[in-house]
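1. attaching a predicted model along with its sequence, questions to come.
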Amino acid sequence: KKIATFAQGEQPLEIAVAFSGGGLRALYSTLGALIGLKDAGILDTVATIATLSGSTWAVFPWLQGDPKNNNKPLDLKAFLDTMAARFERGLLLSKYPDDAVNEALYITDMLWIKYAFHQPVHPAMDLYGALLANKLKAQFGKNCQRMRISDIAPVVKAGNFPVPVGTAKIDKGDWFEVTP
């Protein structure tokens, strides 16, 4: 409460938060921490969120939002429940057989796009990433493999949500960061 009431002066308090990687554990802990910040009234003061790997899986799909609601970011608690349900059966198993067929089509679509634009294909890494995208961005249906980080720029520009800075490691140990 001290932090939330600290910004009573002329200049509002702005903070940054950083979340580490660690796969699904990082996804769930990041969402839990964001929910805690919101419940404490501090999330509105967060100007930047730095993420790595698994925490990126939490922040970017959350900010990409709900296509049924003008792509407004999802309610954090509902998003956490949704992620838990989606990963309940793992990456490969779908709740319904038709979902598995559709997910395979989405992955094939992504691979064709990479091929058409002469991008390198890394079978294991691309398959893992595609399976993750199918689960993390299921709300976008057939477009789940076509989402871009820049798609969340309007949400960030509106000023109601923090600027996400995602970091990742590529093949030879080089790091890069991405923002909308």
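-> It's in.

2. can you give the distance of stretch 99-106 from its chain's centre?
-> Remark: stretch 99-106 is offset 20 Å from the chain centroid, using CA atoms, centre = their mean, to the nearest Å.

3. and for stretch 106-116?
-> Taking the mean C-alpha point of stretch 106-116 and that of its whole chain, the gap between them comes to 21 Å (CA atoms, centre = their mean).

4. using CSV, write out every CA atom in that stretch.
-> Extracted in CSV, the C-alpha atoms of stretch 106-116 (Å, rounded to 0.1, in the frame of the first residue of the first chain):
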residue,chain,number,x,y,z
TYR,A,106,-1.9,-24.0,-38.4
ILE,A,107,1.6,-25.4,-38.0
THR,A,108,1.7,-26.3,-41.7
ASP,A,109,0.6,-22.8,-42.6
MET,A,110,3.4,-21.3,-40.5
LEU,A,111,6.0,-23.6,-42.1
TRP,A,112,4.8,-22.6,-45.6
ILE,A,113,5.1,-18.9,-44.7
LYS,A,114,8.7,-19.5,-43.5
TYR,A,115,9.5,-21.4,-46.7
ALA,A,116,7.9,-18.7,-48.9
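
5. ok, and what's touching that stretch?
-> Outside stretch 106-116, the residues within contact range by CB atoms under 8 Å, 6 or more residues apart in numbering are P120, V121, D126, L127, A130, L131, A133, N134, K142, C144, Q145, R146. (Glycine included, C-beta is placed from N, CA and C.)
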